[in-house]
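J.: Predicted model follows, preceded by the sequence.
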Amino acid sequence: MSLFVFPRWANKTRQLAGLFLSTAPIYVIGLVWYGASPQTTDVGFQPKQPVPYSHQLHAGQMGIDCRYCHNTVEKAAHAAIPPTATCMNCHSKVWTTSPKLAPVRDSFASGLPVEWLKVHDLPDYAYFNHSAHVTRGVGCVTCHDRIDQMDEVYQAKPLSMGWCLDCHRHPEPNLRPPSEVTNMTWKAPNGDPEAYGAKLRAENHINPPTDCSTCHR
Amino acid sequence: MNKKLRVVSERSESPRATDTAAARPTYWRSLAELDQTPEFRDAVEREFAEPLQGLPPDSPGRRRFMQVMGASFSMAGLAGCRWHEDKILPMTRRPEGVIPGTTSRYATAMELNGIAHGLHATSYDGRPIKIDGNPLHPDSLGAASTYHQGSVLGVYDPDRSDAVSQKNGEGRDVSTFEAFDKAAKEQLKKLRTTRGEGLRVLSERSSSPTLAAMKDRWLAAFPLSKWITFEPLATNGRAAGTALAFGKPHRVHYSFAEAKVILSLDADFVAPSFPSGLANARGLTHGRTPDHEEMNRLYVIESAFSSTGATADHRLALRSEQIKAVAAYLDAEISAKARPLPEQGAGQPKPNAAFLSDAKVQKFLDAVAKDLLANIGKSIVVAGLHQPAEVHALVERLNVLLGNSGRTVFYTEDRADAATSDFEGLKALTDEMAAGRVETLFVLGGNPAYDAPADVGFAAALEKVAFSVRLGLYEDETSQGATWHVPAAHYLESWGDARAYDGTISIVQPLIAPIFGGRSALELLARLLGEEPKGLELVRAQHKGLLGDDRRFRKAVHDGIIEGSAFDRVSPKLTSIPPVKLSERELSGAVSNGGFEVRFVPCPKIYDGRYANNAWLQELPESFSKLSWDNGAFFSVATAKELGITDGDVLTLTLGGKTVDVPCIVAPGSADGSIKLALGYGRTHAGRVGGKVGTDVTPVGGNANLIRTTEAPHFAAGVRVATSGPGKRLANTQDLYAMDQIGLDGIAERLPELVREAPYEEFKKEPHFAKHLVHQPHEMNLWVDPVSYEGHKWGMAIDLNKCIGCSACVTACQAENNIPVVGQENVAMGREMLWLRVDRYYRGNPNEPELRFQPLPCQQCENAPCEQVCPVGATMHSHEGLNDMVYNRCIGTRYCSNNCPYKVRRFNYFNYNLDVIGMTPYTPTEDPKMKLKAMVFNPEVTVRSRGVMEKCTFCVQRIQNAKIPAKNAHRAIEDGEIKTACQETCPTDAIVFGDLNDKKSRVANLQKLERAYQLLGEFNNRPRVQYLARITNPNPELA
């Protein structure tokens, strides 16, 4: 086998090559770190839903409480998407012929579900329980951001494990009285969410676990 | 270098030929280990067993792998940097109180051999995913067996028949319900004019009052027709025997908790196949708790090891046919001393049996008789159901003479026709069919073409029936010859009712609508009779008299039982029993090849074959041989030696000119000359799990029905054994380990410490013996304990006194935790996936051993060796003491399993769920039948893919699902609110889980008992599971 000899012009590019080779790994790692992180891939996910349901209209303008539709959130792990009947509670009387609501009316008549696309999706091996958070005083806005201003729901927070752990390790800034969980504009009364949260934490014996089995089963 | 197994030992009677002057072993795990054969040493030294054909089994192959990966990359695209999209499909109308994504429990019941067992079925989003017992049901008391735990898988079996089919020459055509209904209607119209001549119905045994009433209406509509009942495991010995003793057939019920001395004559009364078996198990083991009260004493005389035999204080191995002479002998002894009344007759004459004059047998029987007579009114004598009528008559006579009737043994009246033989009935029907006298035949359930005895010839006779209809879950052996096959509804899809052994009625309610549109037997018959075809209405109408209004009906459905519906107890009068006839065989001693006895037993996993296509149950290691995916002929050590056969040798058993091929299993403790053979194997049309001829799925095991006859369906004499093929590798889970001689010596030293036991008297003198068996110096930690365990402190206590080795816990764990099935090859290579295992240890002389069971979950060590070696932190310790397993972080180094001293960790060598969940989330299956299989998964537990380690988690999902609601409601968790899957199903309550920090919890108090010990605790790993040492209660005269 013959020996490989670099061509003469490689002498001139030696320094540039050295610079490139030493900075390339940093670049690649940085690219993956930020490009593949949930902040990049998941935040802003806004799938097209079969029915153009606007939270901005219903929850924002009309002020319907989150729990009217997502009524299982205080009792169960899933904050269930409401059954078609919940929509029809109003829409059998209001906007009864709107073409935008045709899929809803079809669903109610046929018994087949409206096929919503999940926006806030965790991996299958991570188990999140809404009731544990909502009953303890973590507001909807903390994880879902200003849903009441979204015409089409998008994921505003990364919902990554690190993001969850940030709160589990330091819950004070995110705590509020359980009666205010659906209040999108609630602020700590004394202007110091840290101190107010600390008070709530002590009063309500809030101890967010950081064990793996909390979420990973 | 001494290559023998170095053991801690005690002297014993007859030394083995291979043994030198060295002392005998106390505990040993298998004969191979004891004998240290070269093959065995070769096998254990190889750490990773050789694949059977070179290629790793079930691997898709490298080329295919690259193809799939390539395809998925091209399909993914950049938009797929996020995992696959999930849809949310809410209901259109949500019933009140239904919360999606949560479970609800419904009471129902399952019938086996005509006896119902009450169950609680857990439904998730409208489908059943788990079965447990019904605490209110007298036969269950909250427990369920392997049969019940495995039954839920059958609902989602892709091999279930999904359409009506009609015979067409040699094949079958898919048809429709409409076509069948039309044809059936026409046929019945003809039959109405002839008043049902030539019409026969063959059904399984059923205690359903609704079906019984329908049967009466059917026979009234067709007076010349006949209804025949057949179950391959049906026995009539008890009914005929009680008729002999009391004048009419009776059922016998027991209260084992009240008994102080129990004698079992070939009766495995704790098995789920025995009526009220699970309740018996609870009663028996309750009486064996040494901590507070006097212990009971159990004597067992049987032909092969059973769960009852494993629990026995004293055991004698005799052939099943010799039991009659034993019963006569005992009657002679006891009648002489118990002073029977004149109308009760004199005792039997002492039988002139060769084997009875054996010194050991004499000593045993005399001690038994003495013990029984010393405990008048506090003893129980039970006979195996397969024993002939005379044995049962004598046994009930003994119960009456010993004063047990009304105190520990109770009687209720049985049906008038209970003493007739199912086998005679089937033979008569088949003769009629073969003679062409049956024009119309309805076969409701069962599988007579497979499980009828060989001399009946049902399959051939079925061809002669002009119009035959088969209602079945699968298109199985019987369906092949039937004109019409109609898919049946599973019991979890049907309305119905059934009675427990004591008569308590349970309403069977469905948890899901029939997935394949199947019909229950009730619905089929109702439609044919022109009645209301809905199961619910039929059942409701049937019980209107007893339950009256809708409110009481709903309560009965909710509870799972109709209170007060049990049969009334009676006190029958004992009459004189004439001297029993004992044949030469029944009096004989040792037998030789050509005259062996064969004992046909229900398989503890697949029963009579109905679960042959149930992968969970096929893979479950059988309690005694730890064999999976096969059946074998069980021989005693002496008989195997005499024949020169060993484990795995393929044998041909010949009886009455018919043969069957099965492998040999050397089972210490079997009676010499008696071969135990499990029914249910060798099925030809079970499906892609159990075997289907014409495909590449070979039938699992050998079909014992091929040598079974109507005259002797339960045990028969005259078997000849011949070796027919080279030895095959058995998928046996007990004998799998990879280690060298030093390791084996180490194990041998440790074995006596794993199962610790002592006789009752010694326990009373030294209660702490279990803790002192191994010197455990006080160990200090090098560092401060990182966790203080102030909140919940989860722990478990397993009572070795109570474990009967039924393995229901193992199947319950598999159902609850989505544990995959790996197949026969992988099990043989040691790649089984079951998280919980029940180890089986023998003790003493291989010719007369005792058997011990030890369930082994993950010990959740506080100082876990596995946690310390994981390079990526995939297994961490929680603040409540659980050893958490994080599947997504695991990279598959398997160092944790290497370091685990208990070997309770399991590795996913392949993607065992490939056919269901696909290779990646981007390649899920589109096959609807595979999607159906996925419905049995428990959504609360991750479904693991290839390359990750998994292990018992103390059912962390159950813990979390109890903790969170409790915290939401600001209340504490009560003791007993969280039950692990294994604990919930255990019939004897051997496994107890709970919070050790709760001073009043059961587990905290059990772990404080003197006889509690930690397994391998001397490693300072501080396991959270403690075992309660086994206490035996030997008779000083027999010691």
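T.: Now that the structure is in, tell me what you want to look at.

J.: now the strands for the stretch 401-550 of chain B?
T.: Here the stretch 401-550 of chain B has its strands, by DSSP state E, counting those that start in this stretch, at B:409-413, B:440-444, B:467-472, B:484-487, B:496-499, B:505-508.

J.: Dump those strands to TSV, plus mean pLDDT and distance to B:Leu365.
T.: (C-beta placed from N, C-alpha, C; glycine too.) Below are the strands of the stretch 401-550 of chain B laid out as TSV (pLDDT from 0 to 100; distance: least, C-beta to C-beta, whole Å):
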stretch	mean pLDDT	distance to B:Leu365
strand B:409-413	97	20
strand B:440-444	97	45
strand B:467-472	96	47
strand B:484-487	97	53
strand B:496-499	96	37
strand B:505-508	96	41
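
J.: Columns distance to chain A and mean neighbour count on top of these, output as a markdown table?
T.: Putting those into a markdown table (distance: least, C-beta to the nearest C-beta, whole Å; neighbours: other C-beta atoms under 10 Å in any protein chain shown) gives the following:
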| stretch | distance to chain A | mean neighbour count |
| --- | --- | --- |
| strand B:409-413 | 46 | 20 |
| strand B:440-444 | 33 | 25 |
| strand B:467-472 | 30 | 24 |
| strand B:484-487 | 24 | 25 |
| strand B:496-499 | 27 | 27 |
| strand B:505-508 | 27 | 28 |
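
J.: Buried residues, the lowest-mean-pLDDT helix or strand in chain A. List them.
T.: Ranked by mean pLDDT, DSSP states H and E, the helix or strand of chain A with the weakest confidence is helix A:38-41, at a mean of 86. With burial defined by 16 or more other C-beta atoms under 10 Å in any protein chain shown, the residues of helix A:38-41 counted as buried are A:Pro38, A:Gln39, A:Thr41.

J.: For B:Val382, state which of these is nearest.
T.: B:Val382 has its nearest neighbour among the buried residues of helix A:38-41 in A:Pro38, at 64.1 Å by C-beta to C-beta.

J.: would you list the strands of the stretch 401-550 of chain B in TSV and tack on distance to B:Arg894?
T.: Output for the strands of the stretch 401-550 of chain B, formatted as TSV (distance: least, C-beta to C-beta, whole Å):
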stretch	distance to B:Arg894
strand B:409-413	54
strand B:440-444	51
strand B:467-472	44
strand B:484-487	44
strand B:496-499	47
strand B:505-508	45
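
J.: Quick one, which of these gets closest to B:Ser255.
T.: Nearest to B:Ser255 among the strands of the stretch 401-550 of chain B is strand B:409-413 (7.2 Å), distances taken as C-beta to C-beta.

J.: so what secondary structure elements neighbour the closest one?
T.: Strand B:409-413 sits against strand B:250-254, strand B:569-570, with contacts defined as 3 or more C-beta pairs under 8 Å, 6 or more residues apart in numbering or on different chains; DSSP states H and E.

J.: what residues does the first one touch?
T.: Contact partners of strand B:250-254, identified using C-beta atoms under 8 Å, 6 or more residues apart in numbering or on different chains, comprise B:238-239, B:242-243, B:269, B:275-276, B:280, B:283, B:380, B:382, B:396, B:399, B:408-414, B:501-502, B:567, B:569-570, B:572.

J.: same question, stretch B:885-892
T.: With C-beta under 8 Å, 6+ apart as the test, stretch B:885-892 has contacts from A:123, A:125, A:212, A:216, B:870-876, B:907, B:942, B:944, B:947-951, B:953.

J.: could you flag which of the residues you listed are buried?
T.: A:125, A:212, A:216, B:870, B:874-876, B:907, B:942, B:944, B:948-951, B:953.

J.: closest one to B:His768 among the strands of the stretch 401-550 of chain B?
T.: Comparison of those against B:His768 by C-beta to C-beta identifies strand B:409-413 as nearest, at 37.8 Å.

J.: quick one: contacts for B:Phe269?
T.: For B:Phe269, the contact set (C-beta under 8 Å, 6+ apart) comprises B:Tyr254, B:Gly277, B:Asn280, B:Leu284, B:Thr308, B:Val382.

J.: quick one: secondary structure of it?
T.: What DSSP: H, G, I helix; E, B strand; the rest coil gives for B:Phe269 is coil.

J.: how near is it to chain A?
T.: 39 Å (C-beta to the nearest C-beta, to the nearest Å).

J.: what helix or strand does residue 207 sit in?
T.: You didn't pick a chain, so chain A it is. Using DSSP states H and E, no element contains A:Asn207; it sits outside every helix and strand.

J.: oops, chain B please
T.: Secondary structure (DSSP H and E) places B:Ser207 outside all helices and strands.

J.: can you pull the pLDDT of it?
T.: Note on B:Ser207: pLDDT of 95.

J.: Spit out the contact partners of it.
T.: B:Ser207 makes contact with B:Glu111, B:Gly114, B:Ile115, B:Ala116, B:Ala498, B:Arg499, according to C-beta under 8 Å, 6+ apart.
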